[in-house]
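>>> What follows is a predicted structure for the sequence shown.
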Amino acid sequence: MSAPTGKKPIKQSLLRVCAALTLAAAALALQAPTGRAEAAPRAGVDFVRLPHPVAQAPRQQVVEVFWYGCEHSYQLETPLDDWAARQSPPVHITRIPAAWSNTPVMLAYARLYYTLDRLGAAQQLALPAFHAVLDERRSLTTEDTAADWAAEQGVDPDAFRSAYESAQVQQETEAAPALRESYDVHEMPSVVVGGTYRTSPFLADGGVAGTVPVVDYLYQRARAAAPERQGW
């Protein structure tokens, strides 16, 4: 997915892009393979190496770049969290809200994420946020609409507004486009392992359902690599 530009109805066009991979393909990919061994994910096909790996990123870091307005981000949320919980020790997934500086709707949802994150509720309210935006077609792009929705989820309205208006959330929102760019992400959702390798439903065989096995492959490689080894 390329960076959005211009004055077109951005939200609708981005939703169409996110919907390019069909649910039917994802459902097929979930079916067990018949009679043949699973092929290992392929570099340059199922995942790519970032042209400029993220400096100082821990080798086992798992970062997901997502957007509340993306159907595939919604579909990936639970499988990715389930995978992370199965690891020993469990994997902490760092979430980065996808945003472009010239896309107000995405900046607004980045602000919503950082507000919830400051309140310690971002993971707990991730699925309700996706549900509101995608299933109920609600716009949570202003302080009032976001605060009303958060109150419905049991969040104190004053605490929400205080976080929403805070300097910290403002700074994180303004920094979101550069943070996304540092991980070389131009499509949502994308998952980057070790600040070095990126996969997504647009790369992985099987779309959304095929993304988690690729993440697991990259993560297990990272765990198995010797501490001094570079370029795993």
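Arrived safely, thanks for sending. Predicted, not measured: the structure shown is a model, and the values here were computed from it. Residues are numbered from 1 along each chain as shown.

>>> residue boundaries of the strands in this structure?
Assigned by DSSP state E, the strands in the chain fall at 48-49, 62-66, 93-97, 190-193, 197-199.

>>> okay, these, which one's buried deepest?
Of all those, strand 190-193 has the most neighbours on average by mean count of other CB atoms under 10 Å, namely a mean of 27. Just so you know, the C-beta spots here come from the backbone N, C-alpha and C atoms, and that holds for glycine as well.

>>> pull the helix or strand with minimum mean pLDDT from the chain.
Across the helices and strands of the chain, mean pLDDT, DSSP states H and E gives its lowest value to helix 23-30, namely a mean of 38.

>>> Of all residues in the protein, which one is nearest the centre?
F66 (2.7 Å; CA atoms, centre = their mean).

>>> ok, and the closest non-adjacent residue to that residue?
S73 (3.9 Å; CB to CB, 6 or more residues apart in numbering).

>>> The one you found contacts L80, correct?
No. In this structure, S73 is not within contact of L80 by CB atoms under 8 Å, at 9.8 Å.

>>> These two - which one has more neighbours?
Counting neighbours by other CB atoms under 10 Å for S73 and for L80 shows that S73 has the greater number, 26 against 23.

>>> Next, find the distance separating the more buried one from D81.
Separation of S73 from D81 (CB to CB, to the nearest Å): 12 Å.

>>> and what of G206?
In terms of CB to CB, G206 sits 19 Å off from D81.
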